[in-house]
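Colleague: sequence? don't have it. structure:
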């Protein structure tokens with residue numbers, strides 16, 4: 001650690017480079033308010049608001065029990081559909097794939113309507129159906145996570161417990 005950084009932590013040397021000449025605790029040479037550790041002291045630990053939002057979305061989509069159960073059911077069904085499609089010979093068409101659409105409903109129908117409005121026949125190309133199913137399942141999982149958080153009051157309970165109230 002260099003001498004100037006040590007002085008900033010101890011409160012010495014503040015204001016030598018400040019814009020208005022006032023020696024204010026928490027203002028280093030740049031004149032910006034810091035807590036002596038290079039962060040603004042807002043409790044963000046240097047993370048941007050966008051990073052926190054992304055982390056919250058990922059947590060709501062994948063890291064709560066209800067969403068994990070839903071995604072597990074979807075993965076098990078997708079495995080069943082894959083095995084049924086690739087390895088089981090049927091005289092008639094198999095309806096195993098319908099279960100994936102039931103699990104992704106109602107958001108998957110937005111993709112089906114969008115593809116038919118775009119001029120595609122019978123749902124469009126396979127890649128579009130798979131993309132629509134994937135995005136629909138992720139949107140459903142996010143909605144489940146948000147709903148669980150809404151019902152349990154998850155975000156508010158943790159913040160009030162941290163304050164000691």
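Modeller: Received, thanks. None of these values were measured; they are calculated from a predicted model.

Colleague: dump the residue contacts of residue 73.
Modeller: Applying C-beta atoms under 8 Å, 6 or more residues apart in numbering to residue 73 gives the contacts residue 103. Heads up, the C-betas are built off the backbone N, CA and C, glycines and all.

Colleague: Residue 154 too?
Modeller: With C-beta under 8 Å, 6+ apart as the criterion, the residues that contact residue 154 are residue 148.

Colleague: pLDDT at residue 68, what is it?
Modeller: For residue 68, the pLDDT comes out at 95.

Colleague: Name the residues of the helix or strand harbouring it that are buried.
Modeller: Element membership of residue 68, judged by DSSP states H and E, is helix 65-87. Residues 67, 70-71, 74, 77-78, 81 are the ones in helix 65-87 that count as buried (16 or more other C-beta atoms under 10 Å).

Colleague: same deal with stretch 89-106?
Modeller: For stretch 89-106, a neighbour-count test (16+ other C-beta under 10 Å) marks 96-97, 99-101, 103-104 as buried.

Colleague: Can you check the distance spanned by it, start to finish?
Modeller: Using C-alpha to C-alpha, to the nearest Å, one end of stretch 89-106 lies 30 Å from the other.

Colleague: Name the single longest helix found in this structure.
Modeller: When every helix of the chain is counted residue by residue (DSSP state H), the longest turns out to be helix 126-152.

Colleague: What mean pLDDT does that one get?
Modeller: pLDDT averaged over helix 126-152 gives 91.

Colleague: list the buried ones in that helix?
Modeller: 128-129, 132-133, 136-138, 140-142, 144-146, 149.

Colleague: for these, which one is nearest residue 63?
Modeller: Ranked by distance to residue 63 (C-beta to C-beta), those are led by residue 145 at 8.0 Å.

Colleague: In space, what's closest to that closest one - neighbours in sequence excluded?
Modeller: residue 60 (3.4 Å; C-beta to C-beta, 6 or more residues apart in numbering).

Colleague: Quick check: the one you found vs residue 80, distance?
Modeller: According to C-beta to C-beta, to the nearest Å, residue 60 and residue 80 sit 27 Å apart.
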